[in-house]
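Q: For reference, the sequence and a predicted model appear below.
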Amino acid sequence: MFYFDDFYGRKILKSDLLPEADCFFTTRDFVLTCADKKDLEEEALKNREFLKNKLSCSEITTAKQTHSSNIEVVTKNKHFYDNTDALISNVKNSLLLMNFADCVPIILYSPKYNTGAVIHAGWRGTALEIAKKTIEKIKNELNIPPVEIIALIGPAIGKCCFETDEDVFNKLVFDKNNLEIYEKKNNKYLIDLKLLNKNQLINAGVENIDTCSYCTCCMSDIFFSYRNENGKTARHSAIIKIKGD
């Protein structure tokens, strides 16, 4: 279950599936990436330094997100990855961060193997099955069984607000008989991106999944929403720190 918590005076969102891990989703109260809101640039820079200080990390590892299915395994001393939408790390004390404003944020962590990941799954990444591919990469390259991975699907645009045309629907929904995933209204389609990603994780072998019910578009007073704010918005973030010695 997801719950709001306090991070040294800033509102964040956590899950009781990983209560002891340093992983959470930020809100408008803790902006780390200003994007199109240049008036928040100074605040975001200060908050990044604040985050590093409180989590005892010298650097933040992040990426240029391009709505791809490109996945990188983090190496020590490299902190930026171009054209990447999922980062995996078992580097001790590494701090992973990705940014969102309606797209689906996913945090993965294996307490047994002290390995984590952050995934940016917009509708394009979801159609490319980035969540499933990330699990497969963790399994194949790091030899971690999917059953040892806990997944948190964070706040994102909900089925209530993600309205698309038929071309996007056909790229996303392969099982047209599964009416949990979508509904059709006035020749438009309302699609549940969080459920699509959850199904990918299940199909990849993940058993412990917590899915946040919050819709960023409906709750744009708490989260940033690209759709609700016509693209002129900042970003909230998904964050995980890999434990050190």
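A: Thanks, I have it.

Q: Next, the contact list for residue 119, please.
A: By C-beta atoms under 8 Å, 6 or more residues apart in numbering, the contact set of residue 119 is 85-86, 98, 104-108, 125, 130-131, 134. Placement of C-beta: from N, CA and C, glycine included.

Q: For beta bridges, what are the partners of the residue nearest the centre of the chain?
A: Centroid-nearest residue in the chain, with C-alpha atoms, centre = their mean: residue 105, separated by 1.7 Å. Residue 105 has these beta-bridge partners by DSSP bridges: residue 120.

Q: Return the distance of it relative to residue 223.
A: According to C-beta to C-beta, to the nearest Å, residue 105 and residue 223 sit 10 Å apart.

Q: any residues in contact with both of those two?
A: Residues touching both residue 105 and residue 223 (C-beta under 8 Å, 6+ apart) are residue 155.

Q: Show me where the chain dips below the pLDDT cut-off.
A: Within the chain, no range satisfies pLDDT under 70.

Q: how far away is the residue of it most remote from its centre from residue 99?
A: Distance from the C-alpha centroid of the chain, by C-alpha atoms, centre = their mean, peaks at residue 186 (30.7 Å). Separation of residue 186 from residue 99 (C-beta to C-beta): 33 Å.

Q: what's the answer for residue 172, then?
A: From residue 172 to residue 99 the distance is 22 Å (C-beta to C-beta).

Q: Residue 106 now?
A: 13 Å.

Q: ok, the two, which is more surrounded?
A: residue 106 (30 against 22; other C-beta atoms under 10 Å).
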